[in-house]
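In: Build me a model:
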Amino acid sequence: MPEEKVKPNHVGLIMDGNRRWARERNLPTLDGHLAGYEKIRQAPEWFFSRGVKILSVFAFSTENWNRSQEEVNYLMKLLKKAIDEEIEEINKKGYKILISGKIDELPGDLPESCQEAINKTKNNSKGILNICLNYGGRAELVDAIKKMVKNKIKAEQVHEGLIKKYLYNSELPDPDIIVRTSGEQRLSGFELWQSAYSELFFMEKYWPEFEESDVDLILEEYASRKRRFGN
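Out: Reported below is the predicted structural model:
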């Protein structure tokens, strides 16, 4: 009987390259985001059906507000559509939704939509989709420190486990592997604390080009790595 390959429990996904994908095809930038949205509708199923338990996706960073107003407005509408329209299907499949980031600072009724998605799926257990929305790794650490100060934590009480407890969705284990599409080789603030020992995998293709077979490629790559955690 062949030896079972080790699989990642938690995959982080930096979905990059929507705009470049559109430009190279002489399409409006917004078309790239729409194509990227179609892929994220499919990706959780691809990962969860192969034994991955948690998928964290970088949907919108705290730095993305610096883009044009037109693009930001479009992305917010797309996010609202994704959360409102996909929630029933996600719930039917038994996936649990978590949202990490400064949710309260999102425009309109997006914060309420986010909370409703979290509440509706909280008892599901067939996979966790953690959406990093209005998220930044530094912002997460700043928020954690602020909460610790507010709770009057003394310097001698601070340790790694305590800091983790104050992070967004602190019950999640760290990502085993973080994948970024589009050829860029950096984390751009994604899960800064949690990624200390994550394997990193950079793919040349743009996010709208991502296919189901790429999930197998990621799992093969992970199985080939030797994780030593500093030992």
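In: Just the element for the nearest residue to F47 once chain neighbours are set aside, please.
Out: Leaving aside its sequence neighbours, F47 sits nearest to L55 (C-beta to C-beta, 6 or more residues apart in numbering; 5.0 Å). No exception for glycine: its C-beta is placed from N, CA and C like everyone else's. Taking DSSP states H and E as the definition, L55 sits inside strand 54-61.
In: Against which helices or strands is that strand packed?
Out: strand 10-14, helix 29-48, helix 69-93, strand 128-135 (3 or more C-beta pairs under 8 Å, 6 or more residues apart in numbering; DSSP states H and E).
In: Let me see the residues that make contact with it.
Out: 9-15, 40, 43-44, 47-48, 75, 79, 100-101, 127-136, 172-173, 175, 188-191 (C-beta atoms under 8 Å, 6 or more residues apart in numbering).
In: same thing but 6 Å
Out: 10-14, 44, 47, 128-134, 136, 190 (C-beta atoms under 6 Å, 6 or more residues apart in numbering).
In: ditto for stretch 24-33
Out: Residues contacting stretch 24-33 (C-beta under 6 Å, 6+ apart): N18, R19, W21, A22, Y74.
In: Quick one: end-to-end length of it, please.
Out: 14 Å (C-alpha to C-alpha, to the nearest Å).
In: Quick check, central residue of this structure?
Out: V57 (1.8 Å; C-alpha atoms, centre = their mean).
In: Who are the packing partners of the helix or strand of the chain with the lowest mean pLDDT?
Out: Ranked by mean pLDDT, DSSP states H and E, the helix or strand of the chain with the weakest confidence is helix 69-93, at a mean of 92. Packing partners of helix 69-93 (3 or more C-beta pairs under 6 Å, 6 or more residues apart in numbering; DSSP states H and E): helix 110-121.
In: just how off-centre is the helix it packs on within its chain?
Out: Counting by C-alpha atoms, centre = their mean, to the nearest Å, helix 110-121 is centred 16 Å from the centre of its parent chain.
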